[in-house]
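Engineer: I would like to see how this sequence folds:
(one chain, ligands or ions: 1)
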Amino acid sequence: MKELFREQDITRVSYYQSILEDYGIPTMIRNEYLTGSGLTEIPIAEFFPALCVLHDEDYLRAVAIIRENLTINQKRVECEITCVSCGEINPGNFEICWSCGELCGPS
Ligand SMILES: [Zn+2]
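Structural biologist: As a prediction, this is how the structure comes out:
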């Protein structure tokens, strides 16, 4: 058994568990019943629900599947700005170029 990731939010952990099971990868959640019991008021990573694959040989495939789904769910940076003075690409919310310090955002 190998741990994939752990997170405080059990709903996200079970969400990824159901995705993996759709792919036919047997998984289990460790610490599923520890949080929410009132005993862990302070978030301690040790007690977070952890998603594990039952068979080590499924691990790499499971990681790839999770990654794929992460990129789908992640909000993409709205737009990117190319700095006029050095040509470096900055995220759209940057006003100052991270590379040369020139003003690069929309004025
Ligand atoms: Zn620049």
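Engineer: use CA for all of it now, contacts and neighbours both
Structural biologist: Fine.
Engineer: which strand or helix spans the most centrally placed residue in the chain?
Structural biologist: Compute the mean C-alpha point of the chain, and by C-alpha atoms, centre = their mean the closest residue is L70, 5.8 Å away. L70 is part of helix 59-73, with elements assigned from DSSP states H and E.
Engineer: please enumerate the strands of this structure.
Structural biologist: Using DSSP state E, the strands found in the chain span residues 2-6, 27-30, 50-53, 80-82, 89-91.
Engineer: re the thing from before, got a pLDDT number for the residue nearest to the centre of the chain?
Structural biologist: Confidence at L70, expressed as pLDDT, is 75.
Engineer: ok, now how distant is it from I19?
Structural biologist: Look at L70 and I19: by C-alpha to C-alpha, to the nearest Å, they are 12 Å apart.
Engineer: do the same with E88
Structural biologist: According to C-alpha to C-alpha, E88 and I19 sit 38 Å apart.
Engineer: how many residues are close by R67?
Structural biologist: 12 (other C-alpha atoms under 10 Å).
Engineer: OK, contacts around W98?
Structural biologist: By C-alpha atoms under 8 Å, 6 or more residues apart in numbering, the contact list for W98 reads N90.
Engineer: how does this protein divide into domains?
Structural biologist: Domain segmentation of the chain under automatic domain parsing yields 2-73, 77-107.
Engineer: now tabulate these in JSON lines and tack on distance to the ion.
Structural biologist: As requested, the domains of the chain are arranged in JSON lines below (distance: least, C-alpha to the ion, whole Å):
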{"stretch": "domain 2-73", "distance to the ion": "27"}
{"stretch": "domain 77-107", "distance to the ion": "4"}
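Engineer: and M1, how many residues sit next to it?
Structural biologist: Residues lying near M1 (other C-alpha under 10 Å) number 13.
Engineer: for it, which non-adjacent residue is spatially closest?
Structural biologist: Closest residue in space to M1, ignoring its immediate chain neighbours: L54 at 4.5 Å, by C-alpha to C-alpha, 6 or more residues apart in numbering.
Engineer: pretty sure the one you found sits against T27.
Structural biologist: Yes: contact status for L54 versus T27: in contact at 5.3 Å, counting by C-alpha atoms under 8 Å.
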